[in-house]
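Novice: For reference, the sequence and a predicted model appear below.
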There are 2 protein chains.
Amino acid sequence: MSRSKSRLSIIPLGGVGEIGKNMTLYWYGQDMIVVDAGLKFPDEDMLGIDIVIPDITFLVENREKIRGIFLTHGHEDHIGGLPYVLREINVPVYGTRLTLGLVENKLREAGVHDVKLVTMDGKSRVQLGQFAVSPFYVNHSIPDTVGFAIETPEGIVIHTGDYKFDQTPIDGRHADIHKLAQWGARGVLALVGDSTNAERPGYTPSEMTVGIRIDEIISQAPGRVILSTFASNIHRLQLMIRAAERHGRKVAIVGRSMVNNVQTSLQLGYLEAQPDTLIDPDEVNKLPPEKVVILSTGSQGEPMSALTRMARAAHRKIEIVPGDTVVLASSPIPGNEKFVARTIDQLFRAGAHVIYRGVHASGHGSQEELKWMLQLVRPKYFLPVHGEFRMQRIHADLALQLGIQPDHIFITEIGDVVEFEDGRARLGGKVPAGSVMIDGLGVGDVGNIVLRDRKLLSQDGILVVVVTLSKTTGHILSGPDIISRGFVYVRESEALLDEANRLVESTLSKLVSDNVSEWSSLKTAVRDTLGRYLYEQTRRRPMILPIIMEA
Amino acid sequence: MSRSKSRLSIIPLGGVGEIGKNMTLYWYGQDMIVVDAGLKFPDEDMLGIDIVIPDITFLVENREKIRGIFLTHGHEDHIGGLPYVLREINVPVYGTRLTLGLVENKLREAGVHDVKLVTMDGKSRVQLGQFAVSPFYVNHSIPDTVGFAIETPEGIVIHTGDYKFDQTPIDGRHADIHKLAQWGARGVLALVGDSTNAERPGYTPSEMTVGIRIDEIISQAPGRVILSTFASNIHRLQLMIRAAERHGRKVAIVGRSMVNNVQTSLQLGYLEAQPDTLIDPDEVNKLPPEKVVILSTGSQGEPMSALTRMARAAHRKIEIVPGDTVVLASSPIPGNEKFVARTIDQLFRAGAHVIYRGVHASGHGSQEELKWMLQLVRPKYFLPVHGEFRMQRIHADLALQLGIQPDHIFITEIGDVVEFEDGRARLGGKVPAGSVMIDGLGVGDVGNIVLRDRKLLSQDGILVVVVTLSKTTGHILSGPDIISRGFVYVRESEALLDEANRLVESTLSKLVSDNVSEWSSLKTAVRDTLGRYLYEQTRRRPMILPIIMEA
């Protein structure tokens, strides 16, 4: 894209029309800054894919303009894509202390070195080219979460990141509503706002309500209490540790990600425990049950998590037994419902008292909080982001209710360019944007054809048909041999496979004696004949892979 | 199983420890009756499987004892396995008129003929051998739903089937609480009760509350109203038709299963519409939008359903346009959440006003209704069925609260035999029971090995390695050739595959020159070498299928 004169462009590269892989590009003249670099987990039709990150072709093309990456907080959907981005574009990364602590671990594990990490706090103001970026604190389900006020020659943009307004925050740090109000009073060009909970009426409850419930559960439990939640929800872990201490219990941490997060948070001072509170999981069985609290991963029913293994008696150190109280302090992420249900069933079967509802508060603001943000900031323009289309649409409707003009609201898709020039905004063109699938070490080497093949293979399996033809006469030297995988239970389907073999043989023999020798014709004939026969017999359509050898 | 003297056995063959494929066997001496023969939809790890039915090995072994199959209602999880069962065991089938109407369609489509269908109503009492079976009406999300009072020489068993107590039922037919109370007063040996909603406190709202909301929506809609719900929820379709008539609108039905169910229900008198209410979908576009209601399938977000196609503008006759009001009168079945969300997004994108929450009432009773049932029937013994383990457990806890003795409650798994003799019950042995997976025409020919292969294939694809060896010298005549599917995008991974080829060739050449000639050793070497190399390079583990030919 060439441009006649300088203007501000806001370009969502991820996190619109979807939940996850949040990334937004801000561009003015020769300067670009990026906010967040998240990942998302694959849809159910992305078979074998581990994670999905934004397509950063446009960033790579413009790498000399990029001045820095700003991170709002340490969740995977905001920082998970960072190692992949930094391998292509090594620019400084700005974030709060806890966020960068988590990023450091992540980059170390990924083997990405020599990255300049710059710590910000609520008083920072970072000038990079034509941009000046000031973080402001918000409440969220991980400490040290910020949004950004981005000063540009066109005006101030407020980028909220994920947020809620919690009037009784666990760490005592309220959202910077005074700053937001001051910017609002000065005049804000645009608000780029989190839409995750736009479907929910009312207010999101304070994390403190979860604390009260956890305290109640621990005070009433006759034996051990196993508390499971997201490993990154340090606030909630703090509530759990405090409640355990109040009731004279020791706390053991199980599950790799939770152990890591607790360590980092303790080191950086985001989590507090009395010196003798935390114990090794080995010590759990030496204490009376009513003196023990266990914090565990697995609240999403992950089949290999500590909680699921404890329930199945497959954990090395701890087993769920009758008398245990198990709490799933979470709500299932869409798509995980069946896994969570299965874990709950396993816990019930193990004899535990299981509490799996009502011990959770979302980290995202509901409709009344979104209205507060809109009202505090009073933006001229509004971009609802971080959400699937319906959430963006409903968030836009809230803005309409508050008096923002319909043509001042932009419901974007990834790659859309919203341009601001002389105080006016319009939808510009599009830049390259999309999803990059990561499978093992492969970044982007799995595309639609590979996925289509995996889908086919997963449904009805594969039949490989091998035949060797004579180099000299063109006649069949050996085969056809049919090998199947994932199609039928071979021992019970011998007749079917024998008949399939005969069919392929007669088809090929006829073609060969008719002097048809192009391999593509032979392969097509095998595929068609065999495919038709198998569909008639079984109503299945396995992949058929004819292989012709010459000897 | 041999037995010294006659006793009553209750044997759940499906529907315990799971939602779906409900089937219960009652056995006394030389007589057996079966209640329900349902299917369930495959779990997400049953790749390529269409449906799952109970393993009926034990029924087939005892086919000469089976006197009949009794159906509680016409939902797939109670009648969907019937064609498969009747192919093995042709016995009379008993049910209410609507249930048998739906069964007739199903058997015709499945090509199952010569089945004796016997219609029952609230006054019936069918004596078969030592059993006398009397249906009693209950409320549920399909009309003509019954439970059964089963008189046996050991006493009366109340088998509830799916139920709720609706004080304002749409068809005016209340649950037969007086009969239940009379049996309760006489003395009931055992209650076999639906646990589906045992997790929900309170009462399930009346279907009438859904009617009020639908009426309100139609009265306020400026244009067309598209109402989507389960095709079998005839009560709700009745509410929708009545509301349309009240507001002077015509009604078009779209979606094959809804058209079929509406036809059957109209014919049998379970659904009423004024003569000119129903119109052909072709006529929709000739009417003013405010005169139209469309009833559609697709409330579960099924990708090929009428609703999803209308939203994508891929329906032959009707397209969703701005001004339309679309109502999803349902709640997502666990596992369908993402599909439903995708459909809602498509509807929003098409510009519709979408109402997708709060227009639904469950067909299953909540905790207070389960207590009413327990209290009316006052059973000596209790078997919570129709539910996953946690639901059975919670249902059992409700029974404990109402004073049923702990050792009088049996939380069964499929195949468990609960024996009643001289008024006392105990858990007997187990009979063969399980799941039979149906894939296309194949019944039970897909087992764990096939599923494991499909899983492997779906994750990282397959590499086929073909090599032809000389019959005489044992040396490589042609190949090795590597063909991959679902592994990597071949064009971008030529170097990887070339190196893989070289590796296989050198491995084989070395073995052959070392006079190793057992094919199994050669194959293992190819699998190991190639597998290790590919994992190092890609962190993927595709299936590797070595094929050795001789010529």
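Specialist: Cool, got the structure. Numbers count the residues shown, from 1 in each chain, chains lettered A, B, ... in the order given.
Novice: OK, now which residue of the stretch 151-300 of chain A is nearest to chain B?
Specialist: Minimum separation of the stretch 151-300 of chain A from chain B (C-beta to the nearest C-beta) falls at A:Glu199, amounting to 8.1 Å. For every residue, glycine as well, the C-beta is placed using N, CA and C.
Novice: How many residues are close by that residue?
Specialist: Neighbour count for A:Glu199, taken as other C-beta atoms under 10 Å in any protein chain shown: 18.
Novice: measure it to A:Ile394 for me?
Specialist: 6 Å (C-beta to C-beta, to the nearest Å).
Novice: A:His353 now?
Specialist: 38 Å.
Novice: Same check on A:Ser521?
Specialist: Relative to A:Ile394, A:Ser521 is positioned 56 Å away (C-beta to C-beta).
Novice: more crowded one of the two?
Specialist: Between A:Ser521 and A:Ile394, counting by other C-beta under 10 Å, A:Ile394 is the more crowded of the two (20 against 11).
Novice: wouldn't the more buried one be in contact with A:Arg200 here?
Specialist: No. Counting by C-beta atoms under 8 Å, A:Ile394 sits too far from A:Arg200 to count as a contact (9.5 Å).
Novice: Touching both of the two, which residues are there?
Specialist: Taking C-beta atoms under 8 Å, 6 or more residues apart in numbering or on different chains as the contact rule, the neighbours common to A:Ile394 and A:Arg200 are A:Gln367.
Novice: give me phi/psi at the residue of the stretch 151-300 of chain A closest to chain B?
Specialist: Backbone dihedrals for A:Glu199, given as degrees, to the nearest 10, come out at phi -80, psi -10.
Novice: Read off the pLDDT value for it.
Specialist: Model confidence at A:Glu199, expressed as pLDDT, equals 96.
Novice: right, and it touches A:Phe389 too?
Specialist: No. Under the criterion of C-beta under 8 Å, A:Glu199 is not in contact with A:Phe389, lying 11.7 Å apart.
Novice: Touching, A:Leu82 and A:Phe70? I think so.
Specialist: No. Proximity of A:Leu82 to A:Phe70 does not meet the contact threshold set by C-beta under 8 Å, at 11.6 Å.
Novice: what do the two both touch?
Specialist: Residues touching both A:Leu82 and A:Phe70 (C-beta under 8 Å, 6+ apart) are A:Val93.
Novice: Between these two, tell me which one has more neighbours.
Specialist: A side-by-side neighbour count of A:Leu82 and A:Phe70, using other C-beta under 10 Å, places A:Phe70 first with 29 against 25.
Novice: Quickly note the distance from the more buried one to A:His159.
Specialist: For A:Phe70, the distance to A:His159 (C-beta to C-beta) stands at 8 Å.
Novice: Give me the common contacts of those two.
Specialist: Taking C-beta under 8 Å, 6+ apart as the contact criterion, the residues that touch both A:Phe70 and A:His159 are A:35, A:148.
Novice: circling back: mind listing what the residue of the stretch 151-300 of chain A closest to chain B touches?
Specialist: For A:Glu199, counting by C-beta under 8 Å, 6+ apart, the contacting residues are A:390-391, A:394.
Novice: again, only this time at 6 Å
Specialist: With contacts defined as C-beta atoms under 6 Å, 6 or more residues apart in numbering or on different chains, the neighbours of A:Glu199 are A:Ile394.
Novice: swap in the one 3 residues further on?
Specialist: Residues touching A:Gly202, when contacts are defined by C-beta under 6 Å, 6+ apart, comprise A:366, A:368.
Novice: cool, and A:Gly29?
Specialist: By C-beta under 6 Å, 6+ apart, A:Gly29 lies in contact with A:6, A:130.
Novice: measure it to A:Gln130 for me?
Specialist: Taking C-beta to C-beta, one finds A:Gly29 at 6 Å from A:Gln130.
Novice: One more: A:Ile409?
Specialist: Shown here: A:Ile409 relative to A:Gln130, a distance of 25 Å by C-beta to C-beta.
Novice: how about the helices of the stretch 51-200 of chain A, start to end?
Specialist: A:57-61, A:76-79, A:82-88, A:97-110, A:177-186 (DSSP state H, counting those that start in this stretch).
Novice: Can you show me the strands along the stretch 301-450 of chain A?
Specialist: Counting by DSSP state E, counting those that start in this stretch, the segments of the stretch 301-450 of chain A that form strands are A:325-328, A:353-355, A:379-385, A:416-421, A:424-430, A:435-439, A:442-443.
Novice: what about stretch A:354-364 and chain B, touching?
Specialist: No. Interface with chain B: stretch A:354-364 contributes nothing (C-beta under 6 Å from any C-beta of the partner chain), its closest point being 7.1 Å away.
Novice: The lowest-mean-pLDDT helix or strand in chain A pairs with which strands, and in what direction?
Specialist: Of the helices and strands making up chain A, the lowest-confidence element is strand A:442-443, at a mean of 84, by mean pLDDT, DSSP states H and E. Here strand A:442-443 is paired, per DSSP bridges, with strand A:435-439 (antiparallel).
Novice: Confirm that A:Arg242 sits in a helix.
Specialist: Yes. Following the definition DSSP: H, G, I helix; E, B strand; the rest coil, A:Arg242 is counted among the residues of a helix.
Novice: And the pLDDT for it?
Specialist: Model confidence at A:Arg242, expressed as pLDDT, equals 96.
Novice: ok, now A:Met1?
Specialist: The model reports A:Met1 with a pLDDT of 49.
Novice: and what of A:Val512?
Specialist: For A:Val512, the pLDDT comes out at 82.
Novice: Could you look up the SS state of it?
Specialist: Local secondary structure at A:Val512 is given as helix here, using three-state DSSP.
Novice: Count the neighbours of it for me.
Specialist: Residues lying near A:Val512 (other C-beta under 10 Å) number 18.
Novice: again with A:Asp282
Specialist: A:Asp282 sits with 11 neighbouring residues when counted by other C-beta under 10 Å.
Novice: Would it be right to say that it lies in a helix?
Specialist: Yes. Following the definition three-state DSSP, A:Asp282 is counted among the residues of a helix.
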